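Asks: got a predicted structure plus its sequence, pasted below:
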Amino acid sequence: MTETRTLSDKIWLVLKGLAMGAANKVPGVSGGMVAFVAGFYEEFIYSLQKVNGTAFKLLINGRFASFWRYINGRFLGLLILGMVISYFSVSKLLDYLLVHFELYVWSSFFGMIIGSIYYVGKDFGKWNRKYLGYLIIGAVIGISISFLEPAKQNDQLWFVFFCGIIGVSGMTLPGLSGSFILILLGNYVLLLVDSVNALYDTIADFFRWDFTFMDDPLRINLLVVLAVFAIGSLTGLVSLSHFLGYLLKRYKQATFAVIIGFITGSLGVVWPWKNTLYEEDAIGNILLDANGQEIVTGYSRYWPSEFSFDTLLAIFFIIVGVLIVLSLDWYQKKTTP
């Protein structure tokens, strides 16, 4: 890994961070899959792996330049910058598109995952029974996760910390959607909608020099929840990267086979034709969160019964999704000497 990057490289890294952040917020899509398909997954994992005892010694001793080089800081910093920007921009756009054009958004993601399976699998090398077995294990786990029943919301801080560790898995495990895991744990709305909106509102209040939110116990609680979730996410990101770095060094082919299986299994989560399930009270009224948004608890999938215009357009967007990913392969071949 090198710290020498051109301006275009830096811009591309921020854009890749944008894509990772946006993907990780959408249930069924994995930020790690973006890294995997875009070709910087191993550098991402190995850079995170450098956040260790040696890095903290350099930091504590005031050797900031050495610390920055040691953790491949320019690479990680630009990616994280893109992710942060994403949560306040691209992810907002995705929220809008999912509300107004849900079928077409899911169709695009479905196509992108199909393209990703080809993109990742084409350079795998020789398949044998052992690697096919690992692939099947990954696919079965991915499919099984997609059919689990969601839990109820839980804002206890120990559980929020646990959600941070588990939810960040989408950043490091391609095909395993961190946001979908949070839906299963019951805390997707709390951690990726309500808490993020509370932070956004707080920043806006700071710029207006308005500190009345300090007297709002709900806002303060959401900010505390978000802080604990962030600490849990950082803990999970570092610990998972060490584990995956170990696997990639010693069992690279087997690890990649399981990852391809995960990606294949995640197709069930992003299946375009599905109905959204909402949390309801005892008499069937849909419950709302603190921001007046309907609380999503999962999805029920179905096959399209007829080839309507919407169905044909959804198939078109599946093809577009496939082509978007394959265009990365074509671009890479064109630019590689």
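Replies: It's in.

Asks: neighbours around R69, how many?
Replies: The burial count assigned to R69 is 15, neighbours taken as other Cβ atoms under 10 Å. Yep, even glycine has a C-beta here, placed from its N, CA and C like the rest.

Asks: do K152 as well
Replies: Neighbourhood size, K152 [other Cβ under 10 Å]: 9.

Asks: what residues are up against it?
Replies: With Cβ atoms under 8 Å, 6 or more residues apart in numbering as the criterion, the residues that contact K152 are G186.

Asks: quick check: the gap between it and S144.
Replies: Distance, K152 to S144, by Cβ to Cβ, to the nearest Å: 21 Å.

Asks: in the stretch 51-200 of the chain, where is pLDDT below threshold?
Replies: Within the stretch 51-200 of the chain, the set of residues satisfying pLDDT under 70 comprises 88, 90-92, 94-95, 149-151, 174-177.

Asks: show me where it has its helices.
Replies: For the stretch 51-200 of the chain, helices defined by DSSP state H, counting those that start in this stretch occupy the ranges 53-60, 64-70, 73-87, 90-100, 102-121, 129-146, 157-167, 169-172, 178-185, 188-189, 195-207.

Asks: what sits against V14?
Replies: L78, L79, L81, G82, I85.

Asks: which residues touch I137?
Replies: V258, G261.

Asks: how close does it get to Y87?
Replies: Distance of I137 to Y87, computed by Cβ to Cβ: 33 Å.

Asks: same deal with Y96?
Replies: Spatial separation of Y96 from Y87 under the definition Cβ to Cβ is 14 Å.

Asks: more crowded one of those two?
Replies: Legend: neighbour count by other Cβ under 10 Å for Y96 and Y87, higher for Y87 (18 against 11).

Asks: measure how buried the closest residue to W68 other than its chain neighbours is and give me the count.
Replies: Leaving out its chain neighbours, the residue that sits closest to W68 by Cβ to Cβ, 6 or more residues apart in numbering is R74, at 7.4 Å. Residues lying near R74 (other Cβ under 10 Å) number 19.

Asks: so R74 makes contact with A65?
Replies: No: here R74 does not reach A65: they are 11.5 Å apart, not a contact under Cβ atoms under 8 Å.

Asks: so which of the helices of the stretch 51-200 of the chain is the most surrounded?
Replies: Mean neighbour count, computed with mean count of other Cβ atoms under 10 Å, is highest for helix 169-172 among those, reaching a mean of 26.

Asks: from the contact counts, what lies against that one?
Replies: If contacts are counted by 3 or more Cβ pairs under 8 Å, 6 or more residues apart in numbering; DSSP states H and E, helix 169-172 sits against helix 7-25, helix 31-38, helix 178-185, helix 217-250.

Asks: any idea how far it is from the chain center?
Replies: 6 Å (Cα atoms, centre = their mean, to the nearest Å).

Asks: repeat for stretch 271-283
Replies: On the basis of Cα atoms, centre = their mean, stretch 271-283 is displaced by 22 Å from the centre of the chain it belongs to.

Asks: for that stretch, the averaged confidence score.
Replies: Computed over stretch 271-283, the mean pLDDT rounds to 76.

Asks: list the buried residues in that stretch.
Replies: Burial within stretch 271-283, assessed by neighbour count using 16 or more other Cβ atoms under 10 Å, is assigned to W271, P272, W273, K274, E279.

Asks: widest-spaced pair of the residues you listed?
Replies: For these, the maximum inter-member distance is 22.9 Å, found between P272 and E279 (Cβ to Cβ).

Asks: need the contact list for V196.
Replies: Listed by Cβ under 8 Å, 6+ apart, the contact set of V196 reads Y87, L226.

Asks: for F159, see how far away the residue nearest to W68 is.
Replies: Using Cβ to Cβ, we find R74 at a distance of 35 Å from F159.

Asks: and M112, by the same measure?
Replies: Taking Cβ to Cβ as the measure, M112 and F159 are separated by 32 Å.

Asks: ok, now V120?
Replies: 33 Å.

Asks: just put the helices of the stretch 51-200 of the chain in JSON lines and tack on distance to S241.
Replies: As requested, those are arranged in JSON lines below (distance: least, Cβ to Cβ, whole Å):
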{"stretch": "helix 53-60", "distance to S241": "12"}
{"stretch": "helix 64-70", "distance to S241": "15"}
{"stretch": "helix 73-87", "distance to S241": "11"}
{"stretch": "helix 90-100", "distance to S241": "23"}
{"stretch": "helix 102-121", "distance to S241": "19"}
{"stretch": "helix 129-146", "distance to S241": "19"}
{"stretch": "helix 157-167", "distance to S241": "12"}
{"stretch": "helix 169-172", "distance to S241": "6"}
{"stretch": "helix 178-185", "distance to S241": "14"}
{"stretch": "helix 188-189", "distance to S241": "23"}
{"stretch": "helix 195-207", "distance to S241": "23"}
